[in-house]
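K.L.:
Return atomic coordinates for the entry below.
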Amino acid sequence: MLKRLWAITHKEFLHIIRDPRTLGIIFLMPIVQLTLLGYAATTDIEYLPIAVLDWDRTAQSRGLVEAFRASAYFRLARAAESEAQLAGWIEGGQVRAGLIVPAGFGRDLLKTGRAQVAFVIDGSDPAVATAAYQAALGVGQAQSVQLIETRLGVSAASAPGIDVRPRVWYNPEMKSTNFMIPGIIGMVLQFFTTLFTSLAIVREREQNTIEQLLVTPIRSIELVVGKTLPYVVVAFLVVLEVLAIGVWWFGVPIRGSVPLLLTLSALFLVTSLGIGILISTVSKSQQEAMFLTFLTAFPSIFLGGFFFPIDAWPWWLQAISYAVPMRYLLIIIRGIILKGVGLPALWEQVAALCIFGPLVLTLASVRFAKRLE
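P.N.:
Got it, this is the predicted structure:
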């Protein structure tokens, strides 16, 4: 049995080696995904271009403007002369927000200690608008604390009141890359193994070589395992590639056990391989197999919690997500990498994958055997 299995596996490895373009795509695609998602898919606000309309033009207004300038969140790109000009820049996309300081701002601040300004935000991108809104509030609160200390001559820390000091665990800097890059591992594990497993089997059917394999002593289960095993090896190499780039280039910390991560990833591969075999049984061409792979990948990415937090969804969509294996894998990967947790904290996700994997693989094997018959 092992001799027959090795023969099929060796044959598939030769297919991979003799197609350097596909092999290059396998290892290049995660780098492209890391670059795009690590740099572009982020809600971290840095140097957002804003315009200033200062009707007051006093030392107090200039101090406020300087506070926004000194903040790493905003970049003072333009100085407006009128509200119409400011609105035109926001509409045209030249700036994403505008600070409007009304006349009398400095007088009110010196007289009563209170004054109002307007901060107009382009809300066409809600994620950016929310981050800009919170950043503007932070700058305003910092200026308020500084004003209190100046007027009272005491430190705000010594004033009576409740001192709330938040602590962010696991991702203190709240970098979106620390959330995205572990998710790419899950996406790679499902997408590549599903795609190349389905293509490998369909390719044999297109080339009319699967019948030649079936007349040999090789059994159907040996054929499936032998053709999928090389892509499992390649998938783990790609995972190690993503981990290395994530750590050395993006600075993502790995706080948990890498062997545990790989072991539980192998458990998920049982499900993704089963999906790939299922796709191969209903596909008549490699193009159709690719289309069906993309069709199954999109629900997994969005319903698995790759981009958006599941807790923020409506209850019925959360219920549907329980039927998506990617949901459990992403919790496992992010838990191990970012939190450093072990099996006791992940037993529910592991149990779910233990159910999904054999169920999907059994269904795929039965259908594959019927298709061969």
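K.L.:
Assign the residue positioned nearest the centre of the chain to one of the three secondary structure states.
P.N.:
Geometric centre of the chain, nearest residue: residue 180, 3.0 Å, by CA atoms, centre = their mean. In three-state terms, and counting by DSSP: H, G, I helix; E, B strand; the rest coil, residue 180 is helix.
K.L.:
if I look at the nearest residue to residue 13 once chain neighbours are set aside, how far off is residue 189?
P.N.:
Computed as CB to CB, 6 or more residues apart in numbering, the closest residue to residue 13 that is not its neighbour in sequence is residue 230, at 4.9 Å. The C-beta positions use only the backbone N, C-alpha and C, and glycine is treated the same way. Distance of residue 230 to residue 189, computed by CB to CB, to the nearest Å: 15 Å.
K.L.:
These two: which is more packed in?
P.N.:
residue 189 (25 against 22; other CB atoms under 10 Å).
K.L.:
Quick one: residues contacting the more buried one.
P.N.:
Residue 189 is in contact with 235, 239, 265, 268-269, 272, 329, counting by CB atoms under 8 Å, 6 or more residues apart in numbering.
K.L.:
Would you map the helices across the stretch 51-200 of the chain?
P.N.:
Here the stretch 51-200 of the chain has its helices, by DSSP state H, counting those that start in this stretch, at 59-70, 83-92, 105-112, 126-152, 176-206.
K.L.:
Could you export the ones you listed as CSV, including mean pLDDT?
P.N.:
Converted to CSV, the helices of the stretch 51-200 of the chain look like this (pLDDT from 0 to 100):
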stretch, mean pLDDT
helix 59-70, 89
helix 83-92, 90
helix 105-112, 84
helix 126-152, 79
helix 176-206, 82
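K.L.:
Point out the most buried one among the ones you listed.
P.N.:
When the helices of the stretch 51-200 of the chain are scored by mean count of other CB atoms under 10 Å, the highest mean neighbour count falls to helix 176-206 (a mean of 23).
K.L.:
and that helix with helix 126-152, angle?
P.N.:
Angle, helix 176-206 to helix 126-152, by axes from the mean of the first three to the mean of the last three CA atoms, to 10 degrees: 170 degrees.
K.L.:
How far does helix 176-206 sit from its chain's centre?
P.N.:
15 Å (CA atoms, centre = their mean, to the nearest Å).
K.L.:
re earlier: just to be sure, which of the contacts of residue 189 are found in helices?
P.N.:
Within the contacts of residue 189, residues falling in helices by DSSP state H are 235, 239, 265, 268-269, 272, 329.
K.L.:
so where's the stretch 251-373 of the chain shaky on pLDDT?
P.N.:
Applying pLDDT under 70 to the stretch 251-373 of the chain flags residues 369-373.
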